[in-house]
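**Student:** My questions concern the predicted model and sequence given below.
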Amino acid sequence: MTLADTSGVVSTAAPWRQVELTLTADSQHADPYGAVEVWADFTHDCGEVLRRPAFFDGGSTWRVRFASPLPSGTWRWRSGASVEDGGLAGQEGTIDVQAPAEPPERLFERRGFWRMAPDGLTLQHADGTPALLVGDTAWGLPWRATPEQVRTYAADRAAKGFNAALLMSVQPDMGAEGPQDRTADEGFGVAFHDLPQGRLREIDVEYFRYLDTLLDVLAEHDVVPVLQPVFQGFGWKGLGTAGPVVPPEEYARYCRYLVARYGARPAVWLVGADGSGEEPQIAAGGAEVHAWDAYAQPTGIHYRPHATNRAHQDADWLDFQWCQTGHSGEHFPERVADMARNTPLKGVANGEPSYENTGRTGRAAGWWQGHEAWANLCAGGTMGVVYGAGSLWQWKLHPDEPGHSDFFAAPGAGWREALDFEGSDYVGLVGKILDGLPLTGARPDWTHTLHPRGLLVPDVLFITYLAEGGDLRVLDGRPIPLAYRVVDPRTGKVVSEGVRESVDAPVPDAGGEPRVYICTRPGS
C-alpha cells in the first residue's frame, strides 16, 4: 500500500494498488464514528470522478483509501465532511499513477477488481477477463485468527486453488462470552463493545487495525475477502445474533465503514447471511454499499437453508443470490437450479453446502465435496463454488476447545487439522480446471445432452459433469463446440481429448469414474 499525506504528490502509485490518505481533524467531535461523515472526490485528467468514503481510525484521524482503476494519469482529490472542520473538509492533493515496468505479481493488480460481467450471472475482472469464485467458509477468521495462522491458512488455500474466503467481519453472537484474547479458549476480538446490546455504536478501532493485517495476508495470496457485516442466522455459537436486531441505520453505517476501510482492494460484499433476506437491515446495508462503492464490486445475499432465496431480486444494489443447502450431507443442486430461473437474472452459487466432517467423521467428506461443487456449478451456479469444513469455519483453536456446537464441529479437529480435510483439494481444483475458459455468458442448459445439466455459451463453451463418466450423449448439439477434453475432477488430469466428427456425435469416455467434459471451439 502506498501512503500519502495531504500535502504532496504520490508519484509512484500503480493502477489497482491501494493508496491511503490521512486527514486530521482540527476539532474534537463527540461521536466521530457515528455522526461525522467524511469523503474525498477524486477527479482524473480524463474527467472521470470517483468518491471514496473516509473511515474514523481513532483520536483525530480519518483515512481515505483509494485505488486507481485507470492505468496512468493524475487524480486530483478534495475532501469533504458533514461537519465544519478544516482538517477534514477542503483538503486537497494529487496522485500520479504510472503503470509498473513489469506486470504486477498480484492478480488483482494486473487485471483489476472483480465485478459482475454484462450477463449479470458471472464474474469478471475490471479488464474483462472472466473469473470464477472458488470460496472457503472461514467465517471466524477475522475475530479469532492471528496473522501467523492466516499465513498458514492463505498459503494452503491459494495453493489448492481457492480465491475467496467468506468472513463474518465481527463476532455476531450477543450472548457469547470469553476473554478478549485470540490465543485463549473461547476468546475473540471485539469490534463493537455494545454489540451484546444489539447496537453498533461503540467501535473499537484497534480491532479493525488488527483486521487490516489479516486481510493484508489474504491479499498477498490473492484470496478475496467476502465480507459479511453482522450475521442474521446461527452466528458463531447460536447465542443470539445481532444482525436482525441492530437498528437498520446502524447496520448501514457499518456497511459504509467496511466499504471505506476495505473497498479500495478486492472485496465481495455479503450484506445478508443465514437469514430470510427480508430483514430490514439487508436492504439498508445493500443500498449503502451501492451508494459508496466506487468500484461496483459484487454485492449480494446468502440465505438460510429454508429461505425462498429471491429477496430483493430486482434491487439495483443486488448482484448475486447465494443459497445454503444445509448441513445434513445431502446434495440439493435443485436449489441452485431454482435460483438460476429467477428474474431479473443475478449471479448464483451455493454459498454453504454441508461442512466436511461436521458433527461426525465422514459426513460430507472427501469426494462428496467435489461432487457437490461440480453438481452445483452445472445446475446454474454460474458465479462459482464454495466449500466448508467443520471446526475451520468457527476457527476452533484446538480439538478440545470447549463451548462449540457438537453438530458443527469436526470430531478431533481444530482449525489447523480441518485445513487438511481431503474435500478441499477437490473444490480447489474446480478453479484450476476451468481457469482461462470463456465463462462470460454461461447459462444452465438441460436440452442439448442426455441426462446431465451443464453450462453453455452457445458455439463457444459447454461444461458438464457425470458422476460415473461414460459417453456424453449429445442431442441437437449444434450450439456445443466440437473440440472436447475429458478431465478427471479428482486430479485435474486430462484423460482424453479430441474433436467430435459431427454436432450430434458423443464425447467418448470409458465410464466408471467421475468426469468433467469441456467442449470448446477447435484450436481454443
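**Tutor:** Looks like it came in fine. Numbering: from 1, shown residues only.

**Student:** Do you have the helices of the stretch 251-400 of the chain handy? List them.
**Tutor:** Using DSSP state H, counting those that start in this stretch, the helices of the stretch 251-400 of the chain run over 280-292, 333-340, 367-379.

**Student:** got the angle between the second one and helix 367-379?
**Tutor:** Looking back up the chat, that one is helix 333-340. Using axes from the mean of the first three to the mean of the last three C-alpha atoms, to 10 degrees, the inter-axis angle of helix 333-340 relative to helix 367-379 is 30 degrees.

**Student:** which residues touch helix 333-340?
**Tutor:** Applying C-beta atoms under 8 Å, 6 or more residues apart in numbering, the contact partners of helix 333-340 are 309-310, 321, 323, 325, 348-350, 375-376, 378-382, 443-444, 453. Yep, even glycine has a C-beta here, placed from its N, CA and C like the rest.

**Student:** Mind checking which of these are in strands?
**Tutor:** Using DSSP state E, the subset of the contacts of helix 333-340 located in strands is 321, 323, 348, 349, 350, 443, 444.

**Student:** between the helices of the stretch 251-400 of the chain, which one is nearest to residue 251?
**Tutor:** Closest to residue 251 of those is helix 280-292 (C-beta to C-beta; 4.0 Å).

**Student:** for that closest one, what is the average pLDDT?
**Tutor:** For helix 280-292, mean pLDDT rounds to 98.

**Student:** what does stretch 121-134 give?
**Tutor:** On average, stretch 121-134 scores 98.

**Student:** First-to-last residue distance for that stretch?
**Tutor:** Terminal residues of stretch 121-134 lie 15 Å apart, using C-alpha to C-alpha, to the nearest Å.

**Student:** Quick check: buried residues in that stretch?
**Tutor:** Neighbour-count burial for stretch 121-134, counted by 16 or more other C-beta atoms under 10 Å, picks out 121, 122, 123, 124, 125, 126, 129, 130, 131, 132, 133, 134.

**Student:** what do you get for stretch 459-474?
**Tutor:** 460, 461, 462, 463, 464, 465, 466, 467, 469, 470, 472, 474.

**Student:** Just send those residues back as JSON lines, with pLDDT, secondary structure and distance to residue 154 too.
**Tutor:** Below are these laid out as JSON lines (pLDDT from 0 to 100; DSSP: H, G, I helix; E, B strand; the rest coil; distance: C-beta to C-beta, whole Å):
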{"residue": "460", "pLDDT": "96", "secondary structure": "coil", "distance to residue 154": "33"}
{"residue": "461", "pLDDT": "97", "secondary structure": "strand", "distance to residue 154": "30"}
{"residue": "462", "pLDDT": "97", "secondary structure": "strand", "distance to residue 154": "33"}
{"residue": "463", "pLDDT": "98", "secondary structure": "strand", "distance to residue 154": "28"}
{"residue": "464", "pLDDT": "97", "secondary structure": "strand", "distance to residue 154": "32"}
{"residue": "465", "pLDDT": "97", "secondary structure": "strand", "distance to residue 154": "28"}
{"residue": "466", "pLDDT": "97", "secondary structure": "strand", "distance to residue 154": "33"}
{"residue": "467", "pLDDT": "97", "secondary structure": "coil", "distance to residue 154": "32"}
{"residue": "469", "pLDDT": "97", "secondary structure": "coil", "distance to residue 154": "34"}
{"residue": "470", "pLDDT": "97", "secondary structure": "coil", "distance to residue 154": "38"}
{"residue": "472", "pLDDT": "96", "secondary structure": "strand", "distance to residue 154": "37"}
{"residue": "474", "pLDDT": "93", "secondary structure": "strand", "distance to residue 154": "41"}
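
**Student:** Let me know the closest of these to residue 48.
**Tutor:** Closest to residue 48, out of all of these and judged by C-beta to C-beta, is residue 460, at 31.8 Å.

**Student:** residue contacts, the residue nearest to that closest one when sequence neighbours are not counted?
**Tutor:** Leaving aside its chain neighbours, residue 460 sits nearest to residue 438 (5.5 Å; criterion: C-beta to C-beta, 6 or more residues apart in numbering). Neighbouring residues of residue 438 by C-beta under 8 Å, 6+ apart: 130, 457, 460, 461, 524.

**Student:** from those, which is closest to residue 301?
**Tutor:** residue 130 (23.2 Å).

**Student:** how near is the residue nearest to residue 181 when sequence neighbours are not counted to residue 230?
**Tutor:** With sequence-adjacent residues excluded and distances taken as C-beta to C-beta, 6+ apart, residue 181 is closest to residue 187, at 4.0 Å. Plainly put, residue 187 is 19 Å away from residue 230 if you go by C-beta to C-beta, to the nearest Å.

**Student:** number of nearby residues for residue 175?
**Tutor:** 13 (other C-beta atoms under 10 Å).

**Student:** ok, now residue 209?
**Tutor:** Neighbours around residue 209, by other C-beta under 10 Å: 12.

**Student:** got it, and the one 10 residues further on?
**Tutor:** Neighbour count for residue 219, taken as other C-beta under 10 Å: 21.

**Student:** follow-up on the earlier one: what's the closest of the contacts of residue 438 to residue 427?
**Tutor:** Distances from residue 427 to these, taken by C-beta to C-beta, are shortest for residue 130, at 19.0 Å.

**Student:** Phi and psi next, for the closest one.
**Tutor:** Dihedral angles of residue 130 (phi, psi; degrees, to the nearest 10) stand at phi -60, psi 150.

**Student:** so what's it closest to, chain neighbours aside?
**Tutor:** residue 439 (4.2 Å).

**Student:** is it fair to say that neighbour lies in a helix?
**Tutor:** No: in this structure, residue 439 is coil, not part of a helix, as judged by DSSP: H, G, I helix; E, B strand; the rest coil.

**Student:** burial measure for it, as a count.
**Tutor:** Residue 439: 26 surrounding residues under other C-beta under 10 Å.

**Student:** repeat for residue 316
**Tutor:** Neighbours of residue 316 using other C-beta under 10 Å come to 10.

**Student:** From residue 289, how far off is it?
**Tutor:** Residue 316 is 11 Å from residue 289, by C-beta to C-beta.

**Student:** does the closest residue to residue 146 other than its chain neighbours count as helix, strand or coil?
**Tutor:** Residue nearest to residue 146 in three dimensions, not counting chain neighbours: residue 182, with 5.6 Å by C-beta to C-beta, 6+ apart. Counting by three-state DSSP, the backbone at residue 182 sits in coil.

**Student:** right, and residue 182 touches residue 189 too?
**Tutor:** Yes: between residue 182 and residue 189 there is a contact under C-beta atoms under 8 Å: 6.2 Å.

**Student:** Of these two, which one has the most company?
**Tutor:** When residue 182 and residue 189 are compared for neighbours, residue 189 comes out ahead with 20 against 16, by other C-beta under 10 Å.

**Student:** Please give me every residue in contact with the more buried one.
**Tutor:** Contacts of residue 189 by C-beta under 8 Å, 6+ apart are 142, 143, 144, 171, 180, 182, 207, 210, 211.

**Student:** now with 6 Å?
**Tutor:** The neighbours of residue 189, taking C-beta atoms under 6 Å, 6 or more residues apart in numbering as the test, are 143, 207.

**Student:** Quick check: the closest residue to residue 410 other than its chain neighbours vs residue 484, distance?
**Tutor:** Distance criterion C-beta to C-beta, 6+ apart; nearest residue to residue 410, sequence neighbours excluded, is residue 390 at 3.4 Å. Going from residue 390 to residue 484 by C-beta to C-beta gives 37 Å.
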